[in-house]
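K.L.:
Okay, sequence plus prediction incoming.
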Amino acid sequence: MSSTAHDHPLPPPRVEEVSDGVYAYIQPDGSWWINNTGFLAGRRGVICVDACSTERRTRLLREAVGKVSGRPITTLVNTHHHGDHTFGNWLFPEATIVGHEGVRAQILADGVPAYRAAWSAEVEWGALELAPPFLTFTDRITLHSDELRCEVRHVGHAAHTTNDSYLWIPERRVLFCGDLVFNGGTPFVLMGSVTGAIDALAQLRELGAETVVPGHGEVCGPEAYDEVEGYLRFVLETAGRGRQAGLSPLDAARQTDLGPWGRLLDAERIVGNLHRAYAELAGHPPGAPIDLAAAVGDMIAYNGGRPLSCLA
């Protein structure tokens, strides 16, 4: 099974102004390690939301910001600890890096993670230097881009990871939600919680956002929540049937027709998601440590034994 349905070549990243002075930085095609970021261009400086996975991609992000604003990048917000959103942190030496305390702890604990080897060897990561947030919060923190209020809120429980936050701009009804939402890609909760991710979507719905910048995929509206939730409930149903039949997560995935979810990028994530769902159904707390190496190995097995596709 192909690990993703890429179109070649990938379009270049682009800047999309989603509200006055508020920009999404969209990186097609949004598959493994190809994330979205964003930034707010104020009179005194720029607030960035997330970095990129490779040195080259993060330098391109900085160039794009520079074409919009000649002001310094004063702040970099990390929505969670995953490397596609944080490996490029070190390329913002002038910025205050802000993140939930769990983001800092996990980046320091992981170092430069060895699990990168699960993806295509052709990825040019460039230089990788740890640069975790050095301004941390436990619940929420408020930033201001000139007079524009930006609320960075921790979800409060495990979801995509154990340390997810989103940046909410109430006055503009704009939401940067990190990887709580994938638009056109398979949601991934191996390091978080299936049920927690569903609960997080309920929290996002309450905000009343009109414009949603997902962690991967095109800018969208709140209708994207429905597809993410539908997939996550499909994972739970599949896990329940698989456990009842005595199947491993890998075997359950192999015997499952993905149906409409098969069109999403990176379909092999079903296996990692089932590992997490099995753990939760067995009574493990949301976000509790599980054998990540075994889950990633099973995703590779589902992919025909080939490394997972990455065009970053």
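P.N.:
Received the coordinates, thanks. Residues are numbered from 1 along each chain as shown.

K.L.:
Let's verify the residue most central in space within the chain: helix, strand, or coil?
P.N.:
Geometric centre of the chain, nearest residue: D179, 2.9 Å, by C-alpha atoms, centre = their mean. Secondary structure, DSSP: H, G, I helix; E, B strand; the rest coil: D179 is helix.

K.L.:
Please name every helix or strand in contact with the helix ranked longest in the chain.
P.N.:
In the chain, assigned by DSSP state H, the helix with the most residues is helix 224-244. Judged by 3 or more C-beta pairs under 8 Å, 6 or more residues apart in numbering; DSSP states H and E, helix 224-244 is in contact with helix 194-207, helix 249-254, helix 269-281. Placement of C-beta: from N, CA and C, glycine included.

K.L.:
Which positions within the second one qualify as buried?
P.N.:
If I follow you right, that is helix 249-254. P249, L250, A252, A253 (16 or more other C-beta atoms under 10 Å).

K.L.:
go on, the longest one?
P.N.:
Along helix 194-207, these residues count as buried under the neighbour rule (16+ other C-beta under 10 Å): V194, T195, G196, A197, I198, D199, A200, L201, L204, L207.

K.L.:
ok, V212 touching C177?
P.N.:
Yes. V212 sits in contact with C177 when judged by C-beta atoms under 8 Å, with a separation of 6.0 Å.

K.L.:
Quick check: phi and psi at the residue in the chain sticking out farthest from the centre.
P.N.:
Distance from the C-alpha centroid of the chain peaks at A245, with 32.0 Å (C-alpha atoms, centre = their mean). With angles defined as degrees, to the nearest 10, A245 shows backbone torsions of phi -90, psi 0.

K.L.:
Please name the nearest non-neighbouring residue to it.
P.N.:
Leaving aside its chain neighbours, A245 sits nearest to A252 (7.6 Å; criterion: C-beta to C-beta, 6 or more residues apart in numbering).

K.L.:
Contacts only, for that neighbour.
P.N.:
Counting by C-beta atoms under 8 Å, 6 or more residues apart in numbering, A252 touches T238, A239, R241, G242, R243, A245, L274.

K.L.:
Can you lay out these as a markdown table showing distance to D20 and pLDDT?
P.N.:
Listed next are the contacts of A252 as a markdown table, based on distance: C-beta to C-beta, whole Å; pLDDT from 0 to 100:
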| residue | distance to D20 | pLDDT |
| --- | --- | --- |
| T238 | 44 | 98 |
| A239 | 44 | 98 |
| R241 | 49 | 98 |
| G242 | 49 | 98 |
| R243 | 50 | 98 |
| A245 | 54 | 98 |
| L274 | 43 | 98 |
